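Colleague: quick one: sequence plus predicted model below, questions after.
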Amino acid sequence: MKTNITLLALMLAATATAQRSAIAYTEFDLDNGMHVILHQDNSTPIVCVSVMYHVGSKNEDPTRRGFAHFFEHLLFEGSANIGRGEFSKHVERAGGVLNANTTADRTYYYEVLPSNQIELGLWLESERMLHAKVDQKGVDTQREVVKEERRQRYENQPYGTILLEVLDRAYDTHPYKWPTIGFMEDLNAASEADYQAFYKKFYVPNNAVLVIAGDIDVAQARALATKYFKEIPRGADVVQPSVVEAPLKGERRGVVHDRIQLPAVVLGYRIPPTGSKDYYAVDLLNRLLSSGNSSRLNIALKDQQQKAVATGAFNLPFEQGGLAILYAIANAGVDAAALEQAMQAELERVKRDGVPKDEFAKLVAQLEMESVQDRSRIAGIASDLARCHMLMGDARLVNSEIDRYLALTPDDLKRAASTYFGNDRVALHYLPVGAKQP
Amino acid sequence: MAITTDYSDYQEAGGVRFPRTITQIGGPSGDVTLRVTSIDMNTGLKSENFVTNLPERVVPEHKEPIEENPMETPPQDE
Amino acid sequence: MNALNMKATSSTARRAACTALLILPLIMNAQLDRSKPPVPAQPPAVHVGEHKTFTLPNGLRVIVVENRKLSLVSVQVRFDMFPIVQKKHANAIELMDELLAAGTAKHSKADIDERIDRMGAQLATGPEGVYASVLSKHLSAMLPLFADVVRNPAFPEQEFQSARQRMTSEVKQRKDDPSAIAEAVGRAAIFSKSHPYGEIATTKSLGTLQREQAAACHAKFFRPEIGYLVFVGDINEKEAKALAKSHFGDWKPSQRYVVVHEDGTQTLDGFGEVRFLDKPRVPSGPRRVVMVDRPGAAQSIIRIGFPLNLHPKDNRALAAQVMNTILGGGVFNARLMQNLREDKGWTYGCYANLESDRFNGYFTASASVRTAVTDSAVAEMMKELERMRTTKVTTEELDLAKQFMAGSFGRNLEDPRTIARFALNTYLNELPKDHYSTYLKRLDAITSDDVQAAAEAFLHPDNAVILVVGDKNKLQARLAPLSWNQGQPVMELDADGDRYVETFEPVRDRTAEQVIERHLEAIGGRAAIARIKDMRMGLSTEMAGTPVEVMQWYGPDGLFRSQAKANGAVIQEEIFDGQRGLRRNAMGTVELEDHDLAEVRFNGHPVPELHYAKEVERATLSGRTSIDGKPVLKVHMVLFAGGTVGDYFDEQSGLKLRRVELRSRRAAHGDHHGL
């Protein structure tokens, strides 16, 4: 029985990319330095127009934490030609959707429209880049909106502060120390000069990539992109922060009291930058631990020992070196120390015994499935193209990133576990308010 | 109707400690925080200081029985 | 060109090419006018794809949507189930769901998990069926396992125990999860806990569950003659037929009956008593406020809702959706979002959701807002509901909503599963065959009159339940005026949707009198207090931005007088002469009656606690609870004059930290500045 499974799994690994056709795209630069990527897929009459700017919370002034995300909100307020509140109206009455999101490394804006409205998307995004306009009412309102966003997502959620607590302990000097949502006192302190400077510095074509994907004609889309964006003047080169964070020496252990019923254990480990070989190794390691019902933390902590109701392991994909975060939420009656011990035992097992070939093949099978599913939405393809170009330096990775996973071996995982999941880490126990520390 | 009053910052005056900050929520004036600014004791107040001059009652006071209204629940399935 | 383009219909490709030829020269020559949005090209045709269907001899209906774009197949089994009131066994069906993939006669849970993960597949179970997604190359290996999970779950005892434990932990977690509370209690408040959609699992209901009940649910509801098997993706009708036949063809309906007893009750063999929903709940009862307390919460979650009798085949259903879109559904330009977020900055998002449902529809409007604006936010939301009913929507709003909905319809077709969903909905809801192919045409025809008619028919602000999960102390009184429920303007519920009962750790080594006595000692002792013959106290506060100075006189024998001044002028005066009292302000002079009189008698002393014996009929020590993490003792008092008072004393210092007075509504209009 076991032999059969191994053979099947090995076969899977061998044919991993066989079922997936490549994403074809065209890319070029405008004279002002803006990069443009076009992907044609006429199967559904929709088009996604998106712009990614290479600015996130790591580019913030340390006294303006949260500014990049706040600014993202402000950039829906309008432009020289678009009044307050009109931006979204243009999109919605054209039958489209729009949104944006901000991370530590980049800010991403997009519209998905019926394909006859491609030009509308380009007009809106070029207006946003050329001469965005925000009035005082917009600033005051969005500041309150962001405060409510913070309360909703972080403060009024059980375990909602995990990310904030981990980041703060995981970094000392790097701007990754603060969360993208930022701090409200910093946003209160922001002034007109801050908005002007931030816009001028980061919202320039040479710091942006435009992606047009979907039911387009490549030649037409190319002409339209040029038409709307060529007049936007190039800005000064954007220099990304060069803070070098010293290695985390030792363990940073803490207890966080939260309004929760069940304790949780959170472990945070520094990992290499996105795109590096070991980044993928750690990512695969996370999958080994927590992806699917038969993953190690699930089997050990949930099914066998019944110590946890939920487990997880994931990478924070930061371009200057992020974190792997492992967590488990205790089953009723299980204390945090016992839970941590059980998690630690699983980490030690990988370090000691490595990963059997057939189990490794399972990870490959999951990756393969994911890589096919990632192609099911044009909006997903667009953001992936932008990410590969901007944060990894090469749009081709949209097709070849999976090869970096496939190049890994079970030994790479074992080595990554020993290298990265060591004693230099953040270890947090989330305990119910009022609970005593053992 | 619930009125919640919180007392804090107890400080002594004339040998007795009084709360100096009183926060009331749900009272008739909405949410208010009262701060005690002065306390004077035994200044010789007399009943003359508390005259209401209300007219004599003609009709005997009708006392309604007051009790907590039974809680109403969302309607149940018929 | 990539391979995917080959899949484009030839007409799409031709159209794209023609457009390009026409537009290119224009781009080259035209001067860019940025002041206006560009004029769009002709809208693309939206085509709802085909599905194939056939029925197996055992009654299982198979739906197939072929789409070769990705080498992916999704498989779903869905049963046409009727909702049942599970009563004290709430969540037996959810337990069945938890256990479906937890072992079959052939495979253990670990075995199923391992096999699914090795294919990189996804398998998800639900109370009404099972869903899986897999690369097409693994489909034939996955399907036997899928069929086994659907047909032969074994409900192993050990897995049952651990599933119940896990569900119990989740129920416990809900107590500290405001969103989960809003969801569960919101359903209970809208439908009632004795409705299938309003039932809430509790640690108690989970405790009574038996594995046999999960098995009984499976036998009763997972049957081929009420089942649909749906294939979508890299598969054609012929392949689907072969797979369906070989894995579901020999599936015989099991025998499991509901017995109707003489007294009208029904029992399901192996399950116990069940009740089927006989008719949908409709909006009823006065507008009311329900609260779940979250002391010190950063935000309140507001959920306003009511049940609806709105079947998807109701010909007003589409107008109702357009109405809901304008009010708060999906678009950023909806009224609720624009008002509460973009104008007021009170929330990150405010949404309305109107669900048509063949058994019981419902409406909800929700937002998370900061505590200070909670009552204002509820009032604005109610106002928007009312406005939808009373005034016609503008052409601009109507057009935006219709365009947006048409756009969403087109976007959703990107996912081939949408076509399968349409087919399934058509069967389950008995929709006309052309329901979806005529969707855009019907949408286009909707007028502002239709929208208003839908608002009148399906928005019921007067019967709404307003649920607020937030800080009760700060909100209760402010929300009360929004309730039309005379007796109990704000009803407090716990996280299980039951009437809230304050819980205490029992304290047996002291009496209420001793706790009050300890407070008197802590502030200086009876002797020191007795030395206060009279007292004058000045207080300052602020009302609506204006500083207010209050002077209080405490005379001998409980005489009391107070005067409030703003800007140098007396704005209010109160006098109590030992028998009767009055209040004088801009509205005139009124005699204090009932509770107001009792209140001044009770509080009109420098240290009211010294005089409790005169006013308090009964005092009991409720026990130990906490305020802001500090252990406190609560003394519960029933007053001779009616009403109750709860005093909370710091266990450590003995000092009183809080008083909660419960008064009838009538008396609440009185004003007082007594301590």
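Modeller: Great, that's in hand.
Colleague: if I look at residue C:190, how far off is residue C:158?
Modeller: Spatial separation of residue C:190 from residue C:158 under the definition C-beta to C-beta, to the nearest Å is 37 Å. All C-beta spots, glycine's among them, are computed from the backbone N, C-alpha and C.
Colleague: who's more crowded, the two?
Modeller: Between residue C:190 and residue C:158, residue C:190 has the larger neighbour count (other C-beta atoms under 10 Å in any protein chain shown), namely 27 against 11.
Colleague: pretty sure that one contacts residue C:366?
Modeller: No. The pair formed by residue C:190 and residue C:366 falls short of the contact definition of C-beta atoms under 8 Å, at 11.9 Å.
Colleague: what's the span of stretch A:204-211 from first residue to last?
Modeller: The first and last residues of stretch A:204-211 sit 16 Å apart, counting by C-alpha to C-alpha, to the nearest Å.
Colleague: average pLDDT for it?
Modeller: Per-residue pLDDT values across stretch A:204-211 average out to 98.
Colleague: also stretch A:284-292?
Modeller: Averaged across stretch A:284-292, pLDDT comes to 97.
Colleague: using PDB, write out every CA atom in that stretch.
Modeller: Output for stretch A:284-292, consisting of C-alpha atoms alone and laid out as PDB, is shown next (Å, rounded to 0.1, in the frame of the first residue of the first chain):
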ATOM      1  CA  LEU A 284       7.200  24.900   1.800                       C
ATOM      2  CA  LEU A 285       8.100  24.100   5.400                       C
ATOM      3  CA  ASN A 286       5.100  26.100   6.400                       C
ATOM      4  CA  ARG A 287       2.900  24.000   4.100                       C
ATOM      5  CA  LEU A 288       4.400  20.900   5.500                       C
ATOM      6  CA  LEU A 289       3.300  22.100   8.900                       C
ATOM      7  CA  SER A 290      -0.100  23.400   8.200                       C
ATOM      8  CA  SER A 291      -1.500  23.100   4.700                       C
ATOM      9  CA  GLY A 292      -4.300  20.500   4.400                       C
END
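Colleague: does it reach chain C?
Modeller: Yes. Using C-beta under 8 Å from any C-beta of the partner chain, we find that stretch A:284-292 touches chain C at A:291-292.
Colleague: check which residues of that stretch are buried.
Modeller: Of the residues in stretch A:284-292, those buried by neighbour count under the rule 16 or more other C-beta atoms under 10 Å in any protein chain shown are A:284-292.
Colleague: next, format those residues as a markdown table and append secondary structure.
Modeller: Shown next, in a markdown table, are the buried residues of stretch A:284-292 (DSSP: H, G, I helix; E, B strand; the rest coil):
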| residue | secondary structure |
| --- | --- |
| A:284 | helix |
| A:285 | helix |
| A:286 | helix |
| A:287 | helix |
| A:288 | helix |
| A:289 | helix |
| A:290 | helix |
| A:291 | coil |
| A:292 | coil |
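Colleague: and of these, the nearest to chain C?
Modeller: For the buried residues of stretch A:284-292, the residue nearest chain C by C-beta to the nearest C-beta is residue A:292; the value is 3.9 Å.
Colleague: stretch C:420-429 and chain A, any residue contact?
Modeller: No. Contact of stretch C:420-429 with chain A (C-beta under 8 Å from any C-beta) is absent, the minimum separation being 14.3 Å.
Colleague: for the record, mean pLDDT for that stretch?
Modeller: pLDDT averaged over stretch C:420-429 gives 96.
Colleague: right, and residue C:529 touches residue B:17 too?
Modeller: No. Under the criterion of C-beta under 8 Å, residue C:529 makes no contact with residue B:17, lying 10.2 Å away.
Colleague: overlap in contacts, these two.
Modeller: A shared contact of residue C:529 and residue B:17, defined by C-beta atoms under 8 Å, 6 or more residues apart in numbering or on different chains, is any residue touching both; here these are residue C:523.
Colleague: what pLDDT is listed against residue C:567?
Modeller: Here, the pLDDT recorded for residue C:567 equals 87.
Colleague: what do you get for residue C:20?
Modeller: As predicted, residue C:20 sits at a pLDDT of 38.
Colleague: tell me the buried residues in stretch C:433-441?
Modeller: Judged by neighbour count using 16+ other C-beta under 10 Å, the buried positions of stretch C:433-441 are C:435-436, C:439-440.
Colleague: which of those residues lies closest to chain B?
Modeller: Of all the buried residues of stretch C:433-441, the one with the least separation from chain B (C-beta to the nearest C-beta) is residue C:435, at 30.9 Å.
Colleague: for the closest one, which non-adjacent residue is spatially closest?
Modeller: In space, residue C:435 comes closest to residue C:426 once its chain neighbours are excluded; the distance is 5.9 Å by C-beta to C-beta, 6 or more residues apart in numbering or on different chains.
Colleague: flag every buried residue along whatever helix or strand the one you found lives in.
Modeller: Assessed by DSSP states H and E, residue C:426 sits inside helix C:417-428. Within helix C:417-428, the residues scored as buried using 16+ other C-beta under 10 Å are C:417-426, C:428.
Colleague: that older thread, JSON lines for the buried residues of stretch A:284-292, including distance to chain B?
Modeller: As requested, those are exported to JSON lines (distance: C-beta to the nearest C-beta, whole Å):
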{"residue": "A:284", "distance to chain B": "51"}
{"residue": "A:285", "distance to chain B": "51"}
{"residue": "A:286", "distance to chain B": "46"}
{"residue": "A:287", "distance to chain B": "46"}
{"residue": "A:288", "distance to chain B": "49"}
{"residue": "A:289", "distance to chain B": "45"}
{"residue": "A:290", "distance to chain B": "41"}
{"residue": "A:291", "distance to chain B": "43"}
{"residue": "A:292", "distance to chain B": "42"}
